[in-house]
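Asker: Generate coordinates for the sequence data below:
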Amino acid sequence: MAVLQREHGRRVLLEQIRQSGRVPRIELADKTGISRATVTTITAEFLQNGLIEEVAREDSDGDARRGRPRVDLKIRGDARLIAGVKVSSLKLSLVLLDFEGSQIATLETELDQTRQSPDKLAGDIRDAVAQLAEVAGHAPSDVSGVGIGIAGMVQAGGGFVHWSPSLNERNVQFGAVLTDVLGVPAFIDNDANLVAVAEHRFGLGKTHNDFIVVTIESGVGMGLMIGGELYRGTRGCGAEFGHTKVHLDGALCRCGQRGCLEAYVADYALLREASIVAATNDDEDSSARVKSLLSAAKQGDPAAKTIVDRAGRMFAMGLANLVNIFDPELIILAGEQMQFDHLFADDVITAMRKSIVQIDKPPPDVVIHKWGDLMWAQGAAAYALDKVSELALAGLSDHAA
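Answerer: Residues are numbered from 1 along each chain as shown. Alright, predicted model coming up:
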């Protein structure tokens, strides 16, 4: 029991120091409810192992003249380096954080194909992480852990990928493959989940404990925060908003099922419809073709407008279902397609609000966060930072008397 209490105290104190930025020992005791004696013992352990450091207080007064300057405690940024990686269709976006969570370098590199073998993608990630470390003036071996956000159905706890559009195999122990190739612990999760982590730590969700992030890019994803905790489901495949059904025996989704929401609103779905009923320039890349399609719809092209209007109706139906099931405080729309407005136009949001349960309270706010892939990578890095911190504390437990 004493060992468990000590481990719990370590976790609570390290997280409180990180949240506070700089904090005196006495304040740590007040904020956490942990006794001053235990705070002193555990923080001494942190100091000895280089996880935190003492810094002179900016308002230090008379004690300094007697040779005893008052000090605060803070996370020692140099203690660990953590990389975060966002796997996109043809690109890797990377962020390097120190142990405080401060960003110290970023990098974006191209992939030569959309779908790859697990070993090939792991090798590309390894090379990109090495390049990221070098940009920051570090050796690749200085990186203590890597977080990876990837589209698809991911069992985060075991690093198991049931399916991903970035991999040419199903049911892959991709976390183990990455850890072996990188030579450091790798922590993988669904990319939309990690956007929710980033929103909660850095973004629009900082002041909310119950919110939903919906991401719309080449696919449709969702991250669900309940009570300040990320919800993944019992199999790690929860909150798969893009694969909820909106049409019985409907359009084919890239997951292999039919009638999924994603099969009507994702980039590939819009372009598939456009190739059938509207003229598109096949010489353009997919992003340019989507932009051309949406522009044509705005200009009144009948075929393009039919495609875009149907996507909006399906998306409104999906959002209304989310509100009726979860009743969140906030819905955040993020992703590449947020540079356009067809999925959050007034008529789409109005349609959503008409389809939700009506009570004498306002519906949840729906807000747009037009952040780029580097912010997704920051969510992956934040996820890995928590995991690396757990490993650091486990190391202390292994050597505890």
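Asker: from here on, contacts and neighbour counts on C-alpha atoms
Answerer: OK.
Asker: what about Ile82, distance to Leu270?
Answerer: Distance of Ile82 to Leu270, computed by Cα to Cα, to the nearest Å: 37 Å.
Asker: Run through who's touching whichever strand or helix holds Val177.
Answerer: In this structure, Val177 is located in helix 174-182 according to DSSP states H and E. With contacts defined as Cα atoms under 8 Å, 6 or more residues apart in numbering, helix 174-182 is touched by 118-119, 122-123, 126, 158-161, 185-188.
Asker: quick one: which of the residues you listed is nearest Glu240?
Answerer: Using Cα to Cα, Val161 comes nearest to Glu240 of these, at 13.8 Å.
Asker: nearest residue to that closest one other than its sequence neighbours?
Answerer: Val154 (4.5 Å; Cα to Cα, 6 or more residues apart in numbering).
Asker: And Val135, by the same measure?
Answerer: Per Cα to Cα, 6+ apart, closest to Val135 is Ala105, 6.9 Å.
Asker: Quick check: can you list the domain ranges of the chain?
Answerer: As given by automatic domain parsing, the domain ranges for the chain are 2-75, 80-195+375-395, 240-328+336-370.
Asker: Just list whatever residues bridge to the residue nearest to Val135.
Answerer: Beta-bridge pairing of Ala105 under DSSP bridges involves Leu96.
Asker: ok, it - contacts?
Answerer: Val95, Leu96, Leu97, Leu132, Ala133, Val135, Ala136.
Asker: Which of these has the largest number of neighbours?
Answerer: Neighbour counts for the contacts of Ala105, by other Cα atoms under 10 Å, peak at Val95, which reaches 30 neighbours.
Asker: Low-confidence stretches in the stretch 1-150 of the chain?
Answerer: 1-3, 59-68 (pLDDT under 70).
Asker: Show me the two of the contacts of Ala105 that sit farthest apart.
Answerer: The two members of those with the most space between them (Cα to Cα) are Leu97 and Val135, at 12.7 Å.
Asker: Could you report the neighbour count for Leu28?
Answerer: 23.
Asker: Adjust the sequence numbering to begin at 690 for everything that follows.
Answerer: Yes, from this point I'll number from 690; that puts the last item at Leu717.
Asker: for it, what are its contacts?
Answerer: By Cα under 8 Å, 6+ apart, the residues touching Leu717 are Leu702, Gln705, Ile706, Ile723, Val728.
Asker: Can you tell me the element it falls in?
Answerer: helix 714-721.
Asker: related to what we said a few turns ago, looking at the contacts of helix 863-871, which has the most residues close by?
Answerer: Ile877 (29 neighbours).
Asker: Assign a three-state SS to the residue most central in space within the chain, would you?
Answerer: By Cα atoms, centre = their mean, the mean C-alpha position of the chain lies nearest to Leu883, the distance being 1.5 Å. Under DSSP: H, G, I helix; E, B strand; the rest coil, the three-state class of Leu883 is helix.
Asker: circling back: in the helix holding Leu717, which residues are buried?
Answerer: Of the residues in helix 714-721, those buried by neighbour count under the rule 16 or more other Cα atoms under 10 Å are Arg714, Leu717, Ala718.
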